[in-house]
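Asker: here you go, sequence then predicted model.
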Amino acid sequence: MADNLTPSESALLIVLMAEAREISNPDLDKLYKIKLTGASRRKLNDAGYVKTEKVGRSFVHVLDDKGWDRVHQELNFDSPRSRVLGAALSALHDNLRERVLNGGAYQRFGEMFSRAAPSEGVEIVAAAPDDDDLDGRIRKVYESLVPRPGAWLRHTVVRRQLGDVPSEALDEAFRLLSQAEDVEMMPESNQKTLTDEDRRNAVRVGGQDTHLIAIGTR
């Protein structure tokens, strides 16, 4: 890749992939003794790999759509100061991509690292999902991925965690959910940042295509 990621920046993408949620620098420091700051933060933001916003006095980061695509490609972990750790990360990342994803259980890292709780011991029948159940599942997925109620999240990110549900059923569930008092949906203001997947996953509300959802706004 022409992005010239350093081993540290590649490792940061892996951490954000594994977390699969918005996470602040204080939490990164607490959990992993690292932070995403300075030139690396700007580089990953400018590349579209990581989305960062200021929440209070802290920066909060989340792997963006391009970042999810990037972690499916080869990453640079070749650190001259820590060859063994670099080799370990390379081996783990390569085998996850080439053996686990290709094995059929998961198609994307977003599915593998989803924080949405799976339904244990229940066979999912996608043909006729219950509307109330879908409402609840969307809310649970949203809550698992945002740092606080009312934070904006792309429809695409939510939909990736509900891959067992037909897209038509999800379309209707999102439209019904948009009528709830504590839910807001809006278009992405910077349309250039939208991927083809984002455009496919847009929800038509109030005569316009929306790409973002916030729950718990009231």
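Answerer: The structure has been received and is ready for your questions.

Asker: starting at the chain centroid, how far to the longest helix belonging to the chain?
Answerer: In the chain, taking DSSP state H as the definition, the longest helix is helix 131-145. Relative to the centre of its chain, helix 131-145 is centred 15 Å away, using Cα atoms, centre = their mean, to the nearest Å.

Asker: would you mark the buried spots in that helix?
Answerer: Neighbour counts using 16 or more other Cβ atoms under 10 Å place Leu134, Asp135, Arg137, Ile138, Arg139, Val141, Tyr142, Leu145 of helix 131-145 among the buried residues. The way it works is simple: take the backbone N, C-alpha and C, and place the C-beta from them, glycine included.

Asker: now do stretch 70-88
Answerer: Taking 16+ other Cβ under 10 Å as the criterion, stretch 70-88 shows Arg70, Val71, Leu75, Asn76, Phe77, Ser79, Gly86 as buried.

Asker: now the helices for the chain?
Answerer: Under DSSP H, the chain gives helices at 7-19, 25-32, 38-46, 65-70, 83-95, 109-112, 131-145, 155-160, 167-177, 196-200.

Asker: now do the contacts for the nearest residue to Arg159 once chain neighbours are set aside.
Answerer: Distances taken as Cβ to Cβ, 6 or more residues apart in numbering place Asn201 nearest to Arg159, at 5.3 Å, with adjacent residues excluded. Listed by Cβ atoms under 8 Å, 6 or more residues apart in numbering, the contact partners of Asn201 are Arg154, His155, Thr156, Arg159, His211.
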